[in-house]
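In: Sequence and predicted structure, then a few things I'm wondering about:
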Amino acid sequence: MSDKKIQRKKPVRRTKTNQRSGPRTSRSELSRQRIIDAVIALVSKGHPRFGAVDIAKEAQIGLRTVFNHFEDMDSLYREMDAQVHQRIILPIVLRPYEATKWQDLVLEVAERRAEIFEAGYYAGKFARLMQANSTALSDGVERSISLERSGVEAIVPKDVEGRAILVLALDAVFGFDNWVRLREGSDLSVEEATAVLKYTAQGLIRQHTALHSEA
């Protein structure tokens, strides 16, 4: 037998930090998500204005926990806007379209816009109501308007005569503000408001086609 002694490795002692870092991180992430979900829930219930106390009550957590995760309401609004877009809006946006002709695609887009606007109805209204007091919400509204316009621009082919004015007209019809006017100002159901979007879009396309075929 060798005279060398077997060197045994000393067992690594798990400190309290090592033992609890995983669960603590998990609880922290859970609390953070509960806060965001609470804000989305308050917005979805149609609450026009709320504060940290309301959020803590909705999330069933302590008020201090809210401030531990978010330094101000604007940072919370920014996270809420991102999650509404990711969880609610994006799955609808990314669904493939079925129409092949651009004129038919416009009508399909009308139906898709109605679905998107209805899914994010209260979040959209809240953002517009509070954007003057929140950089995050103001940025979100501007981004939404830009995406609405680019969505219409992607539909109408670039070689269509008089394309620019048609894009502007369709963008006005398919905008979120117009959807709110139809749903609340005219007290229309989702189906009725969608029918108005399609009817108006069809009329614009027919008028545009007739106008430029005579030229």
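Out: Received the coordinates, thanks.

In: center of the chain, which residue is that?
Out: The centroid of the chain falls nearest to residue 85 when counting by C-alpha atoms, centre = their mean (2.5 Å).

In: So that residue versus residue 104, what's the distance?
Out: Look at residue 85 and residue 104: by C-beta to C-beta, to the nearest Å, they are 27 Å apart. All C-beta spots, glycine's among them, are computed from the backbone N, C-alpha and C.

In: cool, and residue 193?
Out: Going from residue 193 to residue 104 by C-beta to C-beta gives 20 Å.

In: Have a look at the two and say which one is more surrounded.
Out: More crowded of residue 193 and residue 104, by other C-beta atoms under 10 Å: residue 193, with 22 against 13.

In: The more buried one touches residue 180, doesn't it?
Out: No. Counting by C-beta atoms under 8 Å, residue 193 does not reach residue 180; the two are 9.7 Å apart.

In: how far does stretch 56-68 stretch from start to finish?
Out: 12 Å (C-alpha to C-alpha, to the nearest Å).

In: Give me the buried stretch members for it, please.
Out: Buried residues in stretch 56-68, counted by 16 or more other C-beta atoms under 10 Å: 56, 58, 59, 61, 65, 66.

In: For this protein, name the helix or strand with the lowest mean pLDDT.
Out: In the chain, no helix or strand scores lower on mean pLDDT, DSSP states H and E than helix 16-44, which sits at a mean of 77.
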